[in-house]
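Undergrad: take a look and give me a structure for this.
(chains A and B)
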Amino acid sequence: MLKFDITTKRGLARTGIIHTPHGDIRTPAFIGAATRATVKALTMQQMRDLGSQAILANTYHLVLTPGTELIKDAGGLAEFSSWHGPTFTDSGGFQIFSLPDVKITEQGARFKSHINGDKLEMTPESSMQAQWSIGADIHMAFDHLAKSDNYDDMKEAMERTHRWLVRCVAEHQKLLSGETVAGGRNEQFLYAVVQGGDFNDLRAESARFAASQPVDGFGIGGVFTADGMAEMLQIVNNILPENKPRHLLGMGQEPIDLFVGAENGCDTFDCVGPTRMARNGSLYTLDGRINIKNAKFKNDFTPLMPDCDCELCRNYTRAYLHHLFRTDEITAKILASIHNEHFIVHTVDKIRESIDDGTFDSYKKQFIDRYYG
RNA sequence: GCUGGAAUCGUCUAGUGGCAAUGACAAGAGACUGUAAAUCUCUCGCCUUCGGGCUUCGUAGGUUCGAGUCCUACUUCCAGCA
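TA: Residues are numbered from 1 along each chain as shown, chains lettered A, B, ... in the order given. Here you go, the predicted structure:
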């Protein structure tokens, strides 16, 4: 069983430590999205330097290339990528939602490789096997993420997610009792995924089902905007057992999502937003996001964010970063990614500290007022 | 000096009788939430009550219902010959 110690509790919000075979994660924490075993534009050393505690890779992408057997042979994701810290894998469930021409059957999902058109199938069992080979510390159950206003459609997807969860649990346990991977330790952990879309009665049902399964933690999936998220999380997290960690899947591009998530009982987050924003020139500041490519920054010789101690803000000006983007230099995306990832990681770090010392409400108000004001 | 060729939006360019005029770049802005994203979208002559109106393709004339497209002259540039 994954060891999770809760340090402080305030309402649904809590701080704690997830103890993984590759190290501890102090929660709440933002987990860097390393889809293809790399955080785009950043080295693992840069991720360590900016304060990241863990990364999350994607099973679908690693199955396509370089293949999960290769990662197993390399000694697992942490060894292969030289991250060496705690790791998560997403199941590939998101790709069911995001790729075109995906066919869902009770068996699993069939889709075409976006790289070479190969027809592929992923099932709960194959996802578990792939994640076991990749050897991350924490695995996500293979779920059916859907987006619809139709209650029956969402109910169907949720119920399929539950049936698949049972199969994931069985396969996960079977794998753990067999051959060892990831440095000889069969210490890998499984999170169930809660679905149900925008229908809170389905969310409650899904949370009850997930809670009933022998899993180590929970992912909360299928969340697309902050609208209604607080209420949904209150319902779900009041049902999920308190002593297991909860990961809010895919949310964290907007800082308010992280405040709302932590406030309502989520322990970890992952999101591609910060680095994607960065590559596209959209940079976080305490006064909101700015597009550094805008003409008004051409002659702005101030730091992007004076009170930020990331590599970009410590050493360079807005005008310089503007120039790097305008000239399409690779360094633009590196520096911007360092800053955005640092910004979000540290925002969650401060959320954690504020929960511990009882100042969460004032920190949230002060941050949100300034950022969105 | 002669003989060819060429002049179109900031730049390069499409265009051979119905055109406010093609594409790219540049420029201006926007989007992005478990990454098919170093991607995508919009604007890019002037004005507009968004119906449209006005002025454009080196300059000046001409032919034509109609000219960026055809003709004449001029200007500039390029190539070859002197």
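
Undergrad: what residues go with each domain of chain A?
TA: A:10-271, A:280-373 (automatic domain parsing).

Undergrad: just the endpoints, please. Distance across the longest one?
TA: Think domain A:10-271. In domain A:10-271, first residue to last residue: 25 Å (CA to CA, to the nearest Å).

Undergrad: report whether that domain contacts RNA strand B.
TA: Yes: applying CB under 7 Å from any atom of the strand, one finds that domain A:10-271 is in contact with RNA strand B at A:33, A:35, A:39-40, A:56, A:58, A:61, A:90-91, A:93-95, A:97-100, A:114, A:140, A:143, A:145, A:193, A:195, A:219, A:221-226, A:249-254, A:257, A:270-271. (Glycine included, C-beta is placed from N, CA and C.)

Undergrad: residue with max distance from the center of chain A?
TA: Within chain A, A:N299 marks the point farthest from the mean C-alpha position, 36.3 Å out by CA atoms, centre = their mean.

Undergrad: give me every residue that touches that one.
TA: A:A319 (CB atoms under 8 Å, 6 or more residues apart in numbering).

Undergrad: among the residues of domain A:10-271 next to RNA strand B, name the ones in strands.
TA: A:33, A:56, A:58, A:90, A:140, A:193, A:219, A:270-271 (DSSP state E).

Undergrad: what about A:D300, which helix or strand?
TA: Applying DSSP states H and E as the criterion places A:D300 outside every helix and strand.

Undergrad: residues touching it, list them.
TA: For A:D300, the contacting residues are A:317-319, A:322, by CB under 8 Å, 6+ apart.

Undergrad: could you redo the residues you listed as CSV and give each row distance to A:I6?
TA: Listed next are the contacts of A:D300 as CSV, based on distance: CB to CB, whole Å:
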residue, distance to A:I6
A:T317, 43
A:R318, 41
A:A319, 46
A:H322, 45
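
Undergrad: now, which of the ones in strands among the residues of domain A:10-271 next to RNA strand B sits nearest A:E79?
TA: Top of the list for closeness to A:E79, among these and by CB to CB, is A:L56 at 16.6 Å.

Undergrad: wait, which of the ones in strands among the residues of domain A:10-271 next to RNA strand B is closest to A:L165?
TA: Nearest to A:L165, judged by CB to CB, of those is A:V193 at 7.3 Å.

Undergrad: show me what contacts A:I18?
TA: A:I18 is in contact with A:2-4, A:24-25, A:27, A:86, A:217, A:245, A:267-268, counting by CB under 8 Å, 6+ apart.

Undergrad: what is the burial count for A:D5?
TA: Neighbour count of A:D5, defined by other CB atoms under 10 Å: 12.

Undergrad: fine by me, we can end here.
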